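*Asks:* any chance you could fold what I've pasted below:
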Amino acid sequence: MNLIKDEMEINMIRVNQFTDASHQQKRNSSDALHHARMTYKPIALAIATLCFGTIMTSASAGERESLEQLRSTTVNLVNLLVEEGVLSKGKADDLLKQAAQEAEKAKQKDTIAAEATQNEDAVDKAVNEKIVRVQYVPEIVKKEMKEEIKKEVMAKLNYKAGERLGLPEWIDRFTFEGDIRLRYQNDRFGDDNPSLVDFNNANGSDNIFNTTEDRSRARVRARLATKVKVNDWINGEMRIVTGNLNDPVSPNQTQETRSAKYTIGLDRAYLSADVTPWLNVVGGRFPNPFFSTDLVWDGSLHFDGIAAKLKPKFNNSWSGFATIGAFPLEDVEGSDLNKAKSKWMYGSQAGIKWTSVNRSSAKLGVALYEFDNIEGISNGANTQLPYNATIPAFRQKGNSVFDINLGVPGSTTERLGLLSKFRNLNITGEVDIAAFDPVHITLTGDYVRNIGYDKQEILKRIGSASINDFGFDEKQVDAYHVKLAVGMPTTTKLHDWQSFVAYKRLEADAVVDSYTDSDFLLGGTNAKGWILGGSYGIGKNTWLTARWFSADEIKPRAALKPLSVDVLMLEMTSNF
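*Replies:* The predicted structure is shown next:
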């Protein structure tokens, strides 16, 4: 712009010089005047064009006053050129009109640019007022916010996707979950173990196939569950699993190509109703509803029947729990020839739980498990064998038994029924110290006593059989289990870990050997020993586990050497 001004000043000097020359010539001669007009007319037009071009150029607000002065001077110049006959009046008016139009256009552009600038400033101001500036957000808060936002967004997207695709509403009520566990198992038998024949003869066993030869196996367990939300207060689940269909306590499938296909069965099928926030009722085949360890119930055992669970909360620290249920164990169709009755278990438990501010907790439960009609009854001399169905459909080993056909004339078939009735009083406690969270220190204790053992009642029921054949002079009815675990409660994330040590003593008739832990002494009762192990997370939902079971018979029968079995299990489990 300064350059334009300098050029304008030079032009003005030239114009002044031209004007002075014109006046001088006018005084001397009119012919000379006419000659000057014709000679300088192109120069004057160039000067006028330059001036008007300068006026039409847009300028900032600070330069506008100087341009107005320049415009006034230029207009005077044009008028002077008209007076001198250099420009005609029509051309001069057209030139001034064009300059005015261009100046108006430039002014409108300036106005629009100024308004846009004001709008941008207003937007920036509004945005700055809405911004909340946080200098530092802890990493744990970031993760929690991320997970909450993710859940909310995914829930909305799932609903919207179903709406867009026109999928039926019931699809959203189904969810799926499962896991696969790979296991290497090594069973090592003691050098002084009794032979297979001697052990079976002394214990009345017919399902033990090895007592002396070490064995290694590759095993797999696969489970797939479908959960359904029926409505706001009723839920259900169906789950399929590998394993022997006649074994209620082991879902493991031994790997061997000759088996062609794995056996698959339905181990869960139930409906669960939340009647109130503190009362739940479940029916069908469902997970163990009791607070317990594997001292009484194997971890893979599922319950058939119905159960009601109450969970009253007294305050932020104290809450209670209670469970009652009826569970069919074996259905028996009675008749004139079949005097046996269906076998049931009725369970009840009550307990209390305390939780501290730092999530440490203590829990205590007392349970009574009443087993009906599972004990054997002698057929006596009745050749129609009316009580054959009193023998158990599935056994592991350890319980005292007797031959219910011992008094039947001409009978050569040995049928072994349980010697004792079972009524288990079970006390279970757990203390979880979370002061070092996420590392927890957990101490678990479990004690059970079979208060249903009655020697006089046994003698009346077994007839001519002897207690000492497959039992003991003194009752063996107590069991306990103590476990200390250090680490994370679960190992479902990378670098999660847990280690534990446990001691277990389980006398022969303390619990029903059909339902107790299937790994300790390879299943059953009349066992004592140690369990060592640990788990480590190698990724999300995947972990490794190692366990060592070292167990021995508590009291061998028939003066045999005690059975000794050590079991090593190395596992990798993945949930999905």
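
*Asks:* please, where are all the helices along this structure?
*Replies:* 2-28, 30-56, 64-83, 89-130, 139-165, 196-203, 455-462, 467-470 (DSSP state H).

*Asks:* who's in contact with the shortest one?
*Replies:* Read it as helix 467-470. 202-204, 400-403, 416, 419, 455, 458-459, 473, 557 (C-beta atoms under 8 Å, 6 or more residues apart in numbering). All C-beta spots, glycine's among them, are computed from the backbone N, C-alpha and C.

*Asks:* that helix: which residues count as buried?
*Replies:* Ile467, Asp469, Phe470 (16 or more other C-beta atoms under 10 Å).

*Asks:* pLDDT added to these, as a markdown table?
*Replies:* Converted to a markdown table, the buried residues of helix 467-470 look like this (pLDDT from 0 to 100):
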| residue | pLDDT |
| --- | --- |
| Ile467 | 94 |
| Asp469 | 91 |
| Phe470 | 95 |
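
*Asks:* can you redo those residues as a markdown table with distance to Asn338?
*Replies:* Below are the buried residues of helix 467-470 laid out as a markdown table (distance: C-beta to C-beta, whole Å):
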| residue | distance to Asn338 |
| --- | --- |
| Ile467 | 26 |
| Asp469 | 25 |
| Phe470 | 25 |
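
*Asks:* where do the strands of the stretch 301-450 of the chain begin and end?
*Replies:* Secondary structure of the stretch 301-450 of the chain, counting by DSSP state E, counting those that start in this stretch: strands at 302-310, 318-330, 343-355, 361-372, 401-403, 416-418, 423-436, 439-450.

*Asks:* of these, which stretch is the most buried?
*Replies:* Of all the strands of the stretch 301-450 of the chain, strand 401-403 carries the top mean neighbour count, a mean of 26, counting by mean count of other C-beta atoms under 10 Å.

*Asks:* what's the per-residue pLDDT of Leu87 here?
*Replies:* pLDDT for Leu87: 62.

*Asks:* likewise Ala116?
*Replies:* 57.

*Asks:* kindly report the same for the one 3 residues further on.
*Replies:* In this model, Asn119 is scored at 56, pLDDT.

*Asks:* same question, the one 4 residues further on
*Replies:* What the model reports as pLDDT for Val123 is 52.

*Asks:* what's the answer for Ala393, then?
*Replies:* 93.

*Asks:* list the contacts of the closest residue to it other than its chain neighbours.
*Replies:* Spatial nearest neighbour of Ala393, excluding adjacent residues (C-beta to C-beta, 6 or more residues apart in numbering): Glu330 at 5.4 Å. Each residue near Glu330 by C-beta under 8 Å, 6+ apart is listed here: Ser342, Lys343, Pro392, Ala393.

*Asks:* and the residue lying closest to Leu416 once chain neighbours are set aside, what are its bridge partners?
*Replies:* By the measure of C-beta to C-beta, 6+ apart, the closest residue to Leu416 outside its immediate chain neighbours is Val401, 4.1 Å from it. In this structure, Val401 bridges to Leu418 when assessed by DSSP bridges.

*Asks:* okay, Val401 and His440: tell me how far apart.
*Replies:* 42 Å (C-beta to C-beta, to the nearest Å).

*Asks:* what does Thr175 give?
*Replies:* Distance from Thr175 to His440, by C-beta to C-beta: 28 Å.

*Asks:* same question, Gly463
*Replies:* With the distance defined as C-beta to C-beta, Gly463 ends up 54 Å from His440.

*Asks:* again, but for Val241
*Replies:* Taking C-beta to C-beta as the measure, Val241 and His440 are separated by 29 Å.

*Asks:* so where's the stretch 101-250 of the chain uncertain?
*Replies:* The model of the stretch 101-250 of the chain has pLDDT under 70 over residues 103, 106-137, 153-167.

*Asks:* cool, the chain as well?
*Replies:* 1-75, 77-78, 80-82, 84-87, 92, 96, 103, 106-137, 153-167.

*Asks:* domain ranges for it?
*Replies:* 2-129, 169-575 (automatic domain parsing).

*Asks:* which of the ones you listed sits closest to Pro138?
*Replies:* Comparing the domains of the chain against Pro138 with C-beta to C-beta, the closest turns out to be domain 169-575 (16.0 Å).

*Asks:* run the chain-centre distance for that closest one.
*Replies:* In terms of C-alpha atoms, centre = their mean, to the nearest Å, the centre of domain 169-575 is set 27 Å apart from its chain centre.

*Asks:* what's the first-to-last distance across it?
*Replies:* 27 Å (C-alpha to C-alpha, to the nearest Å).

*Asks:* repeat for stretch 287-306
*Replies:* End-to-end distance for stretch 287-306: 11 Å, by C-alpha to C-alpha.

*Asks:* repeat for stretch 554-574
*Replies:* 36 Å.

*Asks:* and stretch 238-246, by the same measure?
*Replies:* 19 Å.

*Asks:* go on, stretch 410-420?
*Replies:* End-to-end distance for stretch 410-420: 26 Å, by C-alpha to C-alpha.

*Asks:* what does that stretch contact?
*Replies:* 204, 206, 374-377, 383, 387-388, 390-392, 399-405, 450, 452-453, 458, 462, 467, 470-471, 475, 477, 509, 512.

*Asks:* would you indicate which residues of it are buried?
*Replies:* Neighbour counts over stretch 410-420 (16+ other C-beta under 10 Å) mark Ser411, Arg415, Leu416, Gly417, Leu418, Leu419, Ser420 as buried.

*Asks:* just to revisit the earlier point, save the domains of the chain as TSV, and put in distance to Met145 too.
*Replies:* Putting these into TSV (distance: least, C-beta to C-beta, whole Å) gives the following:
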stretch	distance to Met145
domain 2-129	22
domain 169-575	19
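
*Asks:* which one of the buried residues of helix 467-470 is nearest Ile234?
*Replies:* When these are compared against Ile234 (criterion: C-beta to C-beta), the nearest one is Phe470, at 47.4 Å.

*Asks:* residues contacting the closest residue to the closest one other than its chain neighbours?
*Replies:* Leaving aside its sequence neighbours, Phe470 sits nearest to Gly204 (C-beta to C-beta, 6+ apart; 4.0 Å). Gly204 makes contacts with Val401, Phe402, Asp403, Glu414, Leu416, Asp469, Phe470, as judged by C-beta under 8 Å, 6+ apart.

*Asks:* how about the closest residue to Thr525 other than its chain neighbours, what does it touch?
*Replies:* The spatially closest residue to Thr525, leaving aside those adjacent along the chain, is Gly398, at 3.1 Å (C-beta to C-beta, 6+ apart). If you count contacts by C-beta under 8 Å, 6+ apart, Gly398 has them with Asn203, Leu506, Ala508, Asp513, Gly524, Thr525, Asn526, Ala527.

*Asks:* please report how far Gly398 lies from Phe199.
*Replies:* 12 Å.

*Asks:* the residue nearest to Tyr387 when sequence neighbours are not counted: neighbouring residues, count only.
*Replies:* Nearest residue to Tyr387 in three dimensions, chain neighbours excluded: Ile377, at 4.2 Å (C-beta to C-beta, 6+ apart). Burial of Ile377 is recorded as 20 neighbouring residues (other C-beta atoms under 10 Å).

*Asks:* coming back round to it: who does the residue nearest to Ala393 bridge with?
*Replies:* For Glu330, the beta-bridge partners under DSSP bridges are Lys343.

*Asks:* quickly note the distance from it to Gly347.
*Replies:* Following C-beta to C-beta, the distance that separates Glu330 from Gly347 is 16 Å.
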